[in-house]
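K.L.:
This is a predicted model, with the sequence first.
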Amino acid sequence: MQITNNLVTPASYSMPVASMPTTAGGSSSDVDDKTKASAKQFEAVFISEMMSHMFEGVKTDPEFGGGQGEDMFKSLLTNEYGKQMANNGGIGIADQLQKAMIQMQQHKG
C-alpha cells in the first residue's frame, strides 16, 4: 500500500461503492473484497501495535510467568489480539480506510 499526501475528507465519500469502476479482468466486488481485506489487515496491525505499547508496562508474576519464552510469545499474542479485534468490528479504522482507498482508486482511473 502506498501512502500519499492527499487528504480525503468525509464529504468526498458520497460516491457509492457499486459505481466504482472495475479493473482489467476483475469485478467491482473483487476489488471491494481486496480493499476490505487490506483495510482490515492494516487495522489489525494498528491495534496490535497499540496493544504492544499497552502491555509494555504490565509486570508478570515471577512464580507463574516471565522469562524469555513469555517475552518471545507476547508479540504473537498481541498480533492475534489485533486480528481478532479487527475481525470483530475493530475500532472503525478499516471502514474509513476502505472508503479512502476506493476514493483514491476512482480518482486514479
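P.N.:
Now that the structure is in, tell me what you want to look at.
K.L.:
How far does whichever strand or helix holds Phe46 sit from its chain's centre?
P.N.:
Secondary structure from DSSP states H and E places Phe46 in helix 28-55. With C-alpha atoms, centre = their mean, to the nearest Å as the basis, helix 28-55 stands 2 Å off its chain's centre.
K.L.:
Show me what it is packed up against.
P.N.:
Contact partners of helix 28-55 among helices and strands, from 3 or more C-beta pairs under 8 Å, 6 or more residues apart in numbering; DSSP states H and E: helix 67-87, helix 93-108. Backbone N, C-alpha and C define where each C-beta goes, glycine included.
K.L.:
Go ahead and confirm Phe36 touches Ala94.
P.N.:
One correction, residue 36 is Lys, not Phe. Yes - counting by C-beta atoms under 8 Å, Lys36 touches Ala94, with 7.4 Å between them.
K.L.:
who has more neighbours, the two?
P.N.:
For Lys36 versus Ala94, neighbours defined as other C-beta atoms under 10 Å are more numerous around Ala94 (23 against 17).
K.L.:
show me the contacts for the more buried one.
P.N.:
Taking C-beta atoms under 8 Å, 6 or more residues apart in numbering as the criterion, Ala94 is in contact with Lys36, Ala39, Lys40, Phe42, Glu43, Ala86.
K.L.:
from the residues you listed, which is closest to Gln103?
P.N.:
Distance to Gln103 across those (C-beta to C-beta) is lowest for Ala39, with 12.4 Å.
K.L.:
Check what pLDDT that closest one gets.
P.N.:
Predicted confidence (pLDDT) at Ala39: the value is 93.
K.L.:
quick one: contacts for it?
P.N.:
Residues in contact with Ala39 (C-beta under 8 Å, 6+ apart) are Ile93, Ala94, Asp95, Leu97, Gln98, Met101.
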